[in-house]
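What shape does this take:
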Amino acid sequence: MDDQEYERSYVNKQSADISNSTVRDIHQTTNRSDNRLLPFVTIIAIVVIGLVVLAVVVASPNNPSTPSSSGQVLPLQTTTPSPSLTATITPTSVPRISLTVYRRTDSTIQVTTGDEITIEANGFIKVGDFVGSVDPNGRTAGMLGASLESYNLQPNFPHGGLMCKVKGESQWRFCGTSLTFTAPFSGILEFEVNDNDQANNSGQYDVTVQIR
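As a prediction, this is how the structure comes out:
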């Protein structure tokens, strides 16, 4: 091999080595670049997927849109209704007013037209030796069935029975042990024992009044 051929062979070998080395450098550089770009590519992919999902949700029939004043379609804003509040009211007890009655009594109990008045009474009053003791229901006859009407303030009511009215009424109501009525007008409640001779009486009726 002459010098010229040797020189050409040497040059070709050097060129091949340089080419191979350059290719390896390019591959290594590319691999390093790919590794550096991988996180950014991942982030971009996540953002793109998120935008696609958002577009699908906005276009869903469950999220209807309404046109704006400018003609642009805007998402319809909906509000979630607040849970209804259910109020439970417990009736309060009606006050009971207590008093004792053994003769005509003008109470301080004021009633108003239309009030529902409930009166309850118990106890005993001795209305004389001839009749003895009676409760608020009174007694319709004496010993041996003798009539007691002549001893009554209100002839058609039992003797010694409890009566009441709103002051201003012309007639008494018979209460007995229990009575509920509606006030015909406003005024004060009055009570009486149906006996026209109360000087020899003893005892009392315990009366309670409720007004609704």
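
Not counting its neighbours along the chain, what's nearest Ile168?
Careful, residue 168 is Gly and not Ile. Gly187 (5.2 Å; Cβ to Cβ, 6 or more residues apart in numbering). For every residue, glycine as well, the C-beta is placed using N, CA and C.

Tell me what the one you found is bridged to.
For Gly187, the beta-bridge assignment (DSSP bridges) gives partners Val111.

Equivalent analysis for the one 4 residues further on, please.
Under DSSP bridges, the beta-bridge partners of Phe191 are Thr105, Cys164.

remind me which residues of this structure are low pLDDT?
For the chain, applying pLDDT under 70 flags the ranges 1-41, 52-53, 55-93.

all strands in it, in order from the N-terminus.
Counting by DSSP state E, the chain has these strands, from start to end: 65-67, 73-75, 97-101, 105-111, 116-126, 133-134, 162-166, 173-174, 178-182, 187-193, 202-211.

Would you mind finding the most buried of those?
strand 162-166 (a mean of 23; mean count of other Cβ atoms under 10 Å).

Give me the packing partners of it, helices and strands only.
With contacts defined as 3 or more Cβ pairs under 8 Å, 6 or more residues apart in numbering; DSSP states H and E, strand 162-166 has these neighbours: strand 173-174, strand 187-193.

which residues touch it?
Counting by Cβ atoms under 8 Å, 6 or more residues apart in numbering, strand 162-166 makes contact with 101, 111, 119, 121, 136, 138, 153-154, 157, 171-177, 179, 183-194, 205, 207, all of which sit outside it.
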